[in-house]
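Visitor: sequence-free structure coming up:
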C-alpha cells in the first residue's frame, strides 16, 4: 500500500522539476561528435554561462536546447515533455512559446525599421497587429531604443542592434533566453550593457543560458558550465537564487502572455506583407522577374490575339470567295488551248456564271525567268516566284489591277508571248517599269513585259508571279489547266452540280469541280493547328520565364539564409515560411502576367492596324495572360520554397 504525499510536498516537487533536462544526449556530424553523452538540468530563473574552447560543442548544445537542432541520441525534455514526441509543427510552436534567441550576429532585417524587427518573432508566430503595437514600444523603451523605433536596423550601431536582438528575444515573454556569444562582436562598453540586460532578465525570473568564450562575461552568470570535446567537464552547480516560481514578464509593461495566441489569419496577413516587402525592397530583382513573366504571358496574349485576328481574316476571305467562285479541272488535262476555250464558252453559257477565266501553273525551274540572256553570266540566281499562264478574265475574277499596261494583251498578244509581272517579281528581276525593249527571258527567249500588277486582289500569289497569255506557247502534251468561274452570289453549289454534265455529258466523272466553300471545312483544322503552334510557343516562353525566375529566387533563398534561420528560430512554421516564397513568386508572376496581357493586347492592336485587319481579342485573353503569369510565378517558387522549408536553422546560423 503506497503512502499519500502531502499536497504542499507534491507542489514543491513539481516546482523543482527542471525546465530543460538532457540525459545522455549526443550529436554527431559526419566525421565528428559535437556532443558526447551530455547530462544537464537547467532550472527556471537560472543564469547559466556555457564556456569552453572553440569546437568544444557549446553552440551545438545551445542549438539542441533551443530546438534548432536534433540530438543523434539521448533524451531531451522541456518541463517534462519529451521533445522526441513532438512533430515539426509542435516543435515550432514550443520553440516560439518557450525560447527567445540572441545570436552573436544580431541577424537584423536591415531594410526594416527597429520596431518591425522587434516584433519579427510575434509576426512569425501569427500574433495580431494590435498586440504587436501594444508590446513593441514599452519593450523598446525598456532597453533604451524607444527613440530609434522608426530607424532602419541597418543604420543602428552594433550595440543598438544587439540590444534590439534582446528586445526581439523577450518581447513574447519567453521562459528561456538562449544567447550565443551575444557580446562577441561588441566592444567592452557595449558588451557590458548587453550583459547588464541579460542579468536583469534573469533577475526578473527569465531563465538565461549564454554561450561565451570570455571568462569575464561568464563571471556575470550564477552558474558556469565548462565544456571540452563535446562533453561537460565542469559544472558549478545550480544557483541558490534560481527562481522556483513562474517567471514574470521580461518584456516590460504591456506584456500580455494571454494575448499571444497564434492565429492563421495573422500568419497569412504577415506572409503577404513580408512577401510584398521583400519585393519592394529589392525593386531591381522584382523588375527583372516581372519582365521575365511579362515576356511569357505577353507572348501568350499576343499569340492568341494574332491567331484569332488572322483566323477571322482568313475566314472572311474564304467566305467572300465562297459566295461566287468555282474551279474546274479535267482529269486527263487539256490537249490544246482550243479545248480550253471550248470549256470556257460552255461554262459561260450556264445561268448564274458571270465570268470565266483560266490559269495554268508552270515550273519556274523549267521556264527559268531571268533578266539576262541565259549563259551571259556563269551563275545567275534562280527565280523564287511562280510562273503562270492566265487570261485577263482570271485577273478580273481575282480583282487584280494592272498598271502601265493592259491585261487584255494576255488574250491577244498578236502572235508572240507577252508577260505581266507581279510587283515582287518585277523587283526581283530588276524591272522598274514596262516599256519598249523591257523583256524577261523565259525558256531562253526574250518576252516583252507589258504590265505590272499593283493590286493582287484575292490571289496572294500574284505579287510574286510572272504571267504569260493563253496561247503564248504551243502544247506538246496535256496541260493541267483550271477554269475559274465567277458566279452570282449564292450560286456556286448549283453551278458545281451542273458543270460536269455541261462540259462532258458522256463522261461527267472526268470533270472535277471545287467550290471555295469546300475550303470552309479546312478552317477548323487551320485554327486547331494554329492554336497548337501558339500553345507550344507560349509554353516555351513561359518555361524560360519560370527557369529564369526560379533561378533568381533560388539565389535569393541562398542570400537570405540568415533571415530564414532567424524566422525558423523565432517559431515560424516551415509551411508558413514556404508559403512566403510562394506568395512572392505568385505576386511577381501576377504582376508580370498583367503587364504582359497589356503589352500583348497592345501588340495585337498595333499589328492589326498595320495590316489593315480587324483586331480580334477574346474576352478571356487578359485572364489567360494573368493566370499564366500567376501559375508560372508560383511554379517557379516551388523549389526555392521547398529549399527554405527544409533548411536547418542551426547550420544556417553557423554558416
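Guide: Nice, thanks for sending it over. Source: prediction; values computed, not measured.
Visitor: what separates the closest residue to residue 129 other than its chain neighbours from residue 273, distance-wise?
Guide: Closest residue to residue 129 apart from its sequence neighbours, by CB to CB, 6 or more residues apart in numbering: residue 266 at 7.4 Å. (Glycine included, C-beta is placed from N, CA and C.) From residue 266 over to residue 273 the distance is 10 Å, taken as CB to CB, to the nearest Å.
Visitor: who's more crowded, those two?
Guide: Neighbours per residue, other CB atoms under 10 Å: of residue 266 and residue 273, the larger number sits with residue 266, 20 against 15.
Visitor: mind checking how far that one is from residue 93?
Guide: 14 Å.
Visitor: now do residue 51
Guide: In terms of CB to CB, residue 51 sits 31 Å off from residue 93.
Visitor: neighbour-wise, which of these two wins?
Guide: It is residue 51, of residue 51 and residue 93, that has more neighbours when counted by other CB under 10 Å, with 21 against 16.
Visitor: which ones are touching the residue nearest to that one when sequence neighbours are not counted?
Guide: Of all residues not flanking residue 51 in the chain, residue 218 sits nearest, at 5.0 Å (CB to CB, 6+ apart). Neighbour list for residue 218: 49, 51, 210, 212, 224 [criterion: CB atoms under 8 Å, 6 or more residues apart in numbering].
Visitor: which helices and strands does the helix or strand where the last one lies pack with?
Guide: Using DSSP states H and E, the element containing residue 224 is strand 223-228. Other helices and strands packing on strand 223-228, by 3 or more CB pairs under 8 Å, 6 or more residues apart in numbering; DSSP states H and E, are strand 47-51, strand 231-235.
Visitor: which residues sit against the last one?
Guide: Looking back up the chat, that one is strand 231-235. 35-40, 57, 223-227.
Visitor: all strands of the stretch 1-150 of the chain, in order?
Guide: 20-29, 32-42, 47-51, 73-78, 81-82, 99-102 (DSSP state E, counting those that start in this stretch).
Visitor: and the residue nearest to residue 129, what element?
Guide: Going by DSSP H and E, residue 266 is part of helix 264-281.
Visitor: whichever helix or strand comes after that helix - contacts with which helices or strands?
Guide: Using DSSP H and E, the helix or strand that directly follows helix 264-281 along the chain is helix 283-322. Here helix 283-322 touches helix 264-281, helix 520-559, helix 574-611, helix 621-636, going by 3+ CB pairs under 8 Å, 6+ apart.
Visitor: nearest to residue 477, of those?
Guide: Evaluated with CB to CB, the helices and strands packed on helix 283-322 place helix 520-559 nearest to residue 477, the distance being 31.7 Å.
Visitor: narrow the contacts of strand 231-235 to those that are buried.
Guide: 35-36, 38, 40, 57, 223-227 (16 or more other CB atoms under 10 Å).
Visitor: residue 477: which of these is nearest?
Guide: Of the buried ones among the contacts of strand 231-235, the one sitting nearest to residue 477 (CB to CB) turns out to be residue 35, at 98.3 Å.
Visitor: for the closest one, give me its contacts.
Guide: So residue 35 contacts 25-27, 57, 60-61, 64, 71, 230-231 (CB under 8 Å, 6+ apart).
Visitor: pLDDT added to those residues, as CSV?
Guide: Shown next, in CSV, are these (pLDDT from 0 to 100):
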residue, pLDDT
25, 93
26, 94
27, 93
57, 89
60, 90
61, 93
64, 93
71, 92
230, 91
231, 93
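Visitor: about what we covered before: which residues touch the strand holding residue 224?
Guide: By CB under 8 Å, 6+ apart, strand 223-228 touches 40, 46-53, 56-58, 61, 218, 232-239.
Visitor: who does that strand pair up with?
Guide: strand 47-51 (parallel), strand 231-235 (antiparallel) (DSSP bridges).
Visitor: could you dump those to TSV with distance to residue 558?
Guide: TSV is the format used below for the strands paired with strand 223-228 (distance: least, CB to CB, whole Å):
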stretch	distance to residue 558
strand 47-51	30
strand 231-235	35
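Visitor: out of those strands, which is the most enclosed?
Guide: strand 47-51 (a mean of 25; mean count of other CB atoms under 10 Å).
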